[in-house]
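Enquirer: Predicted model follows, preceded by the sequence.
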Amino acid sequence: MARTARLLAAEDPPPPPAAAAERPRPAAAGSGLRSLSSAASGLWDRLSVLGAGVSKLEKALGDHFPEGERYFGLENFGNTCYCNSVLQALYHCIPFREQLLEYYATYKNTEDSEDNLLTCLADLFAQITLAKKRTGVLAPKRFVQRVRKQNELFRSYMHQDAHEFWNFLVNDIIDILEEDCRTANSSPETTPEEVSNGAANALANGARERPLVTLVHRTFQGILTNETKCLMCDTITAKDETFFDLSIDVEQNSSLTSCLKSFFSTEILNGEDKFFCDKCSSLQEAHKRMKIKKAPHVLVIHLKRFKYVEQLSRHKKLSYRVVYPLELKLGSMSEDADCEYSLFAVVVHVGSSPNHGHYVSQIKSHGNWLSFDDDTVQISEESTLQTFYGSSREHCGGNTDHGYILFYERLGGKS
Ligand SMILES: [Zn+2]
């Protein structure tokens with residue numbers, strides 16, 4: 001880490017705070033109106049890749065360029081930054097990348113493999129990994145076309161929600177792998193396995209049945225347990241549900257840990273909300289709380305910054321200041337209290353409204369923080385993350401870049 005800090009200080013200047021300025025992307029205008037500096041620097045990267053063979057980023061990283069690693073910017077096809085920012089976070093989620101490349105190797109060998117979102121994603125990852133150059137720009141055209149074909153929501157050229165995209169992608173990949181499993185049964189990815197300590201309960205409680213353990217489950221799935229304690233007879237009723245990310249409410253001038261604590265806090269069920277206790281055979285007051293029963297390998301946290309305001313009949317962006325730590329301890333929120341995570345990617349929403357703006361991602365790779373802004377990849381600094389916490393006062397203008405989706409990897413091996 002110390003080495004990295006020195007390297008960063010000595011080399012390329014971090015992206016200027018001006019990157020914080022809002023870059024509205026009018027519908028259908030596409031990448032044409034993006035900030036000139038960003039376009040120019042993307043062009044520079046491309047020219048340098050074609051020219052001298054050593055990009056600005058390679059120069060900046062010098063001897064510290066991680067062996068075998070590739071840093072590729074992704075071209076924007078008209079407001080596709082929601083997609084690019086999530087793709088970069090996924091590519092730099094090493095356990096996910098490795099499994100997806102294994103999948104790529106498997107399906108490439110099967111003859112009649114049809115194009116779908118997963119094969120397009122695997123192709124894109126392979127294209128980056130197998131690139132001769134260590135840096136450059138790729139056009140995720142096939143993938144984006146596939147997303148648009150598959151989901152009406154993403155067909156327009158309007159600003160989209162990166163979290164909705166994440167949800168769609170994760171669920172679609174699972175659907176594809178389940179379908180793969182139904183039609184064939186030879187690939188290692190599609191070997192039926194039971195979901196460890198969860199499937200049976202999930203089934204019993206009528207939660208969504210997921211009989212397969214796919215690469216998505218292995219990487220992102222956790223299990224929540226919902227405990228309701230009847231205050232009359234003290235009986236605890238538990239229900240489990242699986243999750244691929246936690247969507248949490250944000251509070252002004254708070255921290256991720258305190259927002260998580262509210263999410264997992266005890267709720268009192270009384271008055272109209274009494275709980276039907278099977279043992280008492282009647283409605284009773286109860287305490288309800290959630291806990292993480294099985295912590296995922298990679299914990300994805302979505303900060304609910306886009307809030308529907310009834311008086312306005314529309315969504316509003318909450319620019320609340322929410323400090324997120326580099327190392328996150330779940331403590332009493334998890335049944336495994338020693339569960340610790342390290343932050344490796346932040347998808348940042350830039351802009352003051354839910355309907356406009358831009359997404360970029362900050363990613364930690366081999367100890368270096370990098371900033372991915374569509375086709376531009378630059379060295380960044382750990383301290384830059386602090387500029388995405390939010391504003392302590394509303395309507396104070398200025399910085400509109402806010403941490404929106406956080407990716408934490410579990411420390412100390414597999415869960
Ligand atoms: Zn009871």
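Expert: Yes, it's here. Because the structure is predicted, anything quoted here is derived from the model rather than measured. Numbering: from 1, shown residues only.

Enquirer: Output the below-cut-off pLDDT ranges for the stretch 151-300 of the chain.
Expert: The model of the stretch 151-300 of the chain has pLDDT under 70 over residues 184-211.

Enquirer: For it, which residues are neighbours of the ion?
Expert: Residues of the stretch 151-300 of the chain found near the ion (CB under 5 Å from the ion) are Cys230, Met232, Cys233, Cys277, Lys279, Cys280. Every C-beta, even on glycine, is put in place using the N, C-alpha and C of the backbone.

Enquirer: of the residues you listed, buried ones?
Expert: Cys230, Cys277 (16 or more other CB atoms under 10 Å).

Enquirer: among the residues of the stretch 151-300 of the chain next to the ion, which two are most distant?
Expert: Met232 and Lys279 (8.5 Å; CB to CB).

Enquirer: Wait, a strand at Leu283?
Expert: Yes: under DSSP: H, G, I helix; E, B strand; the rest coil, Leu283 sits within a strand.

Enquirer: Bridging across strands, which residues link to it?
Expert: Phe276 (DSSP bridges).

Enquirer: list the contacts for Ala131?
Expert: Neighbour list for Ala131: Arg70, Phe72, Leu138 [criterion: CB atoms under 8 Å, 6 or more residues apart in numbering].

Enquirer: Around the ion, pick out the residues from the stretch 301-415 of the chain.
Expert: Neighbours of the ion within the stretch 301-415 of the chain, by CB under 5 Å from the ion: none found.

Enquirer: Strands of the stretch 301-415 of the chain, residue ranges please.
Expert: According to DSSP state E, counting those that start in this stretch, the stretch 301-415 of the chain carries its strands in the segments 306-309, 314-317, 322-323, 327-329, 340-350, 358-365, 368-373, 376-379, 401-410.

Enquirer: and the ones you listed as JSON lines, adding mean neighbour count?
Expert: Formatted as JSON lines, the strands of the stretch 301-415 of the chain follow (neighbours: other CB atoms under 10 Å):
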{"stretch": "strand 306-309", "mean neighbour count": "12"}
{"stretch": "strand 314-317", "mean neighbour count": "15"}
{"stretch": "strand 322-323", "mean neighbour count": "20"}
{"stretch": "strand 327-329", "mean neighbour count": "15"}
{"stretch": "strand 340-350", "mean neighbour count": "23"}
{"stretch": "strand 358-365", "mean neighbour count": "25"}
{"stretch": "strand 368-373", "mean neighbour count": "24"}
{"stretch": "strand 376-379", "mean neighbour count": "24"}
{"stretch": "strand 401-410", "mean neighbour count": "24"}
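
Enquirer: what would these look like in CSV with mean pLDDT?
Expert: Below are these laid out as CSV (pLDDT from 0 to 100):
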stretch, mean pLDDT
strand 306-309, 90
strand 314-317, 89
strand 322-323, 96
strand 327-329, 96
strand 340-350, 97
strand 358-365, 97
strand 368-373, 96
strand 376-379, 96
strand 401-410, 96
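
Enquirer: possible to save those strands as a markdown table with distance to Thr257?
Expert: Converted to a markdown table, the strands of the stretch 301-415 of the chain look like this (distance: least, CB to CB, whole Å):
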| stretch | distance to Thr257 |
| --- | --- |
| strand 306-309 | 21 |
| strand 314-317 | 22 |
| strand 322-323 | 9 |
| strand 327-329 | 7 |
| strand 340-350 | 11 |
| strand 358-365 | 19 |
| strand 368-373 | 21 |
| strand 376-379 | 29 |
| strand 401-410 | 12 |
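
Enquirer: among these, which is nearest Asp63?
Expert: With CB to CB as the criterion, Asp63 lies closest to strand 368-373 of these, at 12.5 Å.
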